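1. have a look at this prediction, sequence included:
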2 protein chains.
Amino acid sequence: MPSVIVYGGRGALGHAIVLHFKAKGYKVISIDVHANDDSDVSILVDVNAAWTEQEKNILEGVVSNGVEEVEGIFCVAGGWSGGNASSSDMISNADLMWKQSVFSSTIAAKIAVKHLKKGGILTLTGAEAARNGTAGMIGYGMAKAAVHQLTKSLAEKDSGLPEGVTVVAILPVTLDTPMNRKWMPDADHSSWTPLSFIADKFHSWTEIFNSRPPNGTLLSIKTAGGVTTEEKH
Amino acid sequence: MPSVIVYGGRGALGHAIVLHFKAKGYKVISIDVHANDDSDVSILVDVNAAWTEQEKNILEGVVSNGVEEVEGIFCVAGGWSGGNASSSDMISNADLMWKQSVFSSTIAAKIAVKHLKKGGILTLTGAEAARNGTAGMIGYGMAKAAVHQLTKSLAEKDSGLPEGVTVVAILPVTLDTPMNRKWMPDADHSSWTPLSFIADKFHSWTEIFNSRPPNGTLLSIKTAGGVTTEEKH
């Protein structure tokens, strides 16, 4: 049975991806702070552990759960927090954003080095906003900009990833999640990207090489009037 | 007496900036892991402290040393380390790079919020290489890409910085430092940027508003055949 890993598999997007791949007949490994009972394997992340400790624990968890080679690794872990330079919590929020987006993305890359099959797919999660300045959410912007640059690094020839792997960062604007609906009930939901759009993309990219964007693409994903479009950077 | 703060004031570039501003009649505050006896004030950084602890200690240090308003803040703290995704120390190096470049840059921004005068100058230190992928130095590239994006954020209207402040990131290629000469004795030194070039720029930018690049500029600084040129991004 083909396998995939969903890093952040218990988040709204991660869960949608887990269910999508399960429905398509995959064995799905979820890596998250919380177990995902819909996945075949749950590897737990200790958010209080240092970066290198998380790396060690998760890599060991992958091996001890018998995972050998996977078709795809989808890192959709992350979060959001605001704050400009004068906010008292700007730095504590920047710390949190770094941990949520960059710890996860780099550890996903380490897993890819050891367990992604040749020609497999690795996706990371950036943010459309971080292609420019983000004065009101400084930590978020820095972390996502780092993920964008990491994507470019990993796509280079000597990145250390297995041969023929494609690395893509998705750059959503706002995802249509229950949490976003809760906090922004009056927003224009027809401008939010459905989770199924992304789950479906990931599935195509896993199975159909020619459906993938070029290696190293930052893929802006925008939705307007219920229609979702992509733009490659 | 006008004052400036040099964050990383004991590094090769920082020391050159300290000496340059001292010679021009400034009171100079150095923030660094080690004291700089050529500065008027040395505020020490505890590299083992957490990000928010460093923020607290350094902001308190600025106040307890009687620093009120400064003309410029120059963050030249940073370091270099390599490693692609398959390197066993990629993540520990990424952690170090983040601490050296991003802790320092964000804390410099916090100091600017409280102590930089209106219309003052804040400089950060990026890297030309991090404008693209950096497969062989993944952690370095991510940290510098975050500094680039931070520069764009801080230059925005609602960043929280005092009115009229200019934020510029310098993006050097290789600086002509004793350490680089030691480790790369056979390199073409005429392609390395002299420290005096940067110290002199910072001094001009402090005193002559019109000499500054536009707010939010990433300023590539390249040297070839002993001639240094700039390019704005």
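-> Nice, I can see it.
2. now the most centrally placed residue in chain A: how far from residue A:126?
-> Closest to where the C-alpha atoms of chain A average out (Cα atoms, centre = their mean) is residue A:76, at 2.3 Å. Per Cβ to Cβ, to the nearest Å, residue A:76 is found 11 Å from residue A:126. Yep, even glycine has a C-beta here, placed from its N, CA and C like the rest.
3. helices of chain A, start to end?
-> A:12-23, A:51-64, A:90-97, A:104-115, A:138-154, A:178-183, A:195-207 (DSSP state H).
4. ranking those by burial, who's on top?
-> Comparing the helices of chain A by mean neighbour count (mean count of other Cβ atoms under 10 Å in any protein chain shown), helix A:138-154 ranks first with a mean of 29.
5. elements contacting that one?
-> helix A:90-97, helix A:104-115, strand A:116-125, strand A:166-172, strand A:217-224, helix B:104-115, helix B:138-154 (3 or more Cβ pairs under 8 Å, 6 or more residues apart in numbering or on different chains; DSSP states H and E).
6. between that helix and strand A:116-125, how big is the angle?
-> 150 degrees (axes from the mean of the first three to the mean of the last three Cα atoms, to 10 degrees).
7. could you give the angle of helix A:138-154 to helix A:90-97?
-> 40 degrees.
8. now helix A:138-154: how far from the chain's centre is it?
-> 12 Å (Cα atoms, centre = their mean, to the nearest Å).
9. do stretch A:52-60 as well
-> Taking mean C-alpha positions (Cα atoms, centre = their mean), stretch A:52-60 and its chain are 18 Å apart.
10. now that stretch: mean pLDDT?
-> The pLDDT scores in stretch A:52-60 average 98.
11. what about stretch A:218-226, near chain B?
-> No. If you take Cβ under 8 Å from any Cβ of the partner chain as the test, stretch A:218-226 misses chain B, and the best it gets is 11.3 Å.
12. again but with stretch A:26-46, I slipped
-> No. Shown here: stretch A:26-46 not in contact with chain B (Cβ under 8 Å from any Cβ), separated by at least 14.2 Å.
13. before we move on, the earlier item: can you say which of the helices and strands packed on helix A:138-154 is nearest to residue B:174?
-> helix B:138-154 (13.2 Å; Cβ to Cβ).
14. returning to that earlier point: for residue B:51, find the nearest of the helices and strands packed on helix A:138-154.
-> Per Cβ to Cβ, nearest to residue B:51 of those: helix A:90-97, 4.9 Å.
15. just name the shakiest helix or strand of chain A by mean pLDDT.
-> helix A:178-183 (a mean of 93; mean pLDDT, DSSP states H and E).
16. now that one - C-alpha only, PDB.
-> Presented in PDB, the C-alpha positions along helix A:178-183 are these (Å, rounded to 0.1, in the frame of the first residue of the first chain):
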ATOM      1  CA  PRO A 178     -14.000  25.900  11.000                       C
ATOM      2  CA  MET A 179     -11.600  28.100  13.100                       C
ATOM      3  CA  ASN A 180     -11.600  30.900  10.500                       C
ATOM      4  CA  ARG A 181     -15.400  30.700  10.200                       C
ATOM      5  CA  LYS A 182     -15.600  31.000  13.900                       C
ATOM      6  CA  TRP A 183     -13.300  34.000  14.200                       C
END
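17. now do it: everything it contacts.
-> A:12, A:174, A:187, A:189, A:192 (Cβ atoms under 8 Å, 6 or more residues apart in numbering or on different chains).
18. centre of the chain to that helix, how far?
-> 19 Å.
19. cool, and stretch A:53-62?
-> 17 Å.
20. next one: stretch A:105-113
-> The answer for stretch A:105-113 is 11 Å, by Cα atoms, centre = their mean.
21. so can I have TSV of the helices and strands packed on helix A:138-154 showing distance to residue B:182 and mean pLDDT?
-> Output for the helices and strands packed on helix A:138-154, formatted as TSV (distance: least, Cβ to Cβ, whole Å; pLDDT from 0 to 100):
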stretch	distance to residue B:182	mean pLDDT
helix A:90-97	34	98
helix A:104-115	30	98
strand A:116-125	37	98
strand A:166-172	36	98
strand A:217-224	38	98
helix B:104-115	23	98
helix B:138-154	19	98
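22. and of those, who's closest to residue B:47?
-> Closest approach to residue B:47 among these is made by helix B:104-115 (10.3 Å; Cβ to Cβ).
23. tell me the contacts of residue A:31?
-> Applying Cβ under 8 Å, 6+ apart, the residues near residue A:31 are A:5-9, A:42-45, A:58, A:61, A:77.
24. I meant to write residue A:189 there.
-> The contact partners of residue A:189, taken as Cβ under 8 Å, 6+ apart, are A:176, A:181.
25. what of residue A:217?
-> A:151, A:168-169, A:232-233.
26. residue A:108 is in contact with residue A:7, correct?
-> Yes. Residue A:7 lies in contact with residue A:108 (Cβ atoms under 8 Å); the separation is 4.9 Å.
27. circling back: would you check how far apart the residue nearest to the centre of chain A and residue A:31 are?
-> 10 Å.
28. and stretch A:19-34, how far from the chain's centre?
-> 14 Å.
29. what is the rounded mean pLDDT of that stretch?
-> 98.
30. any idea how far the closest residue to residue A:196 other than its chain neighbours is from chain B?
-> Spatial nearest neighbour of residue A:196, excluding adjacent residues (Cβ to Cβ, 6 or more residues apart in numbering or on different chains): residue A:16 at 6.5 Å. Distance of residue A:16 to chain B, given as Cβ to the nearest Cβ, to the nearest Å: 27 Å.
31. lovely, talk soon.
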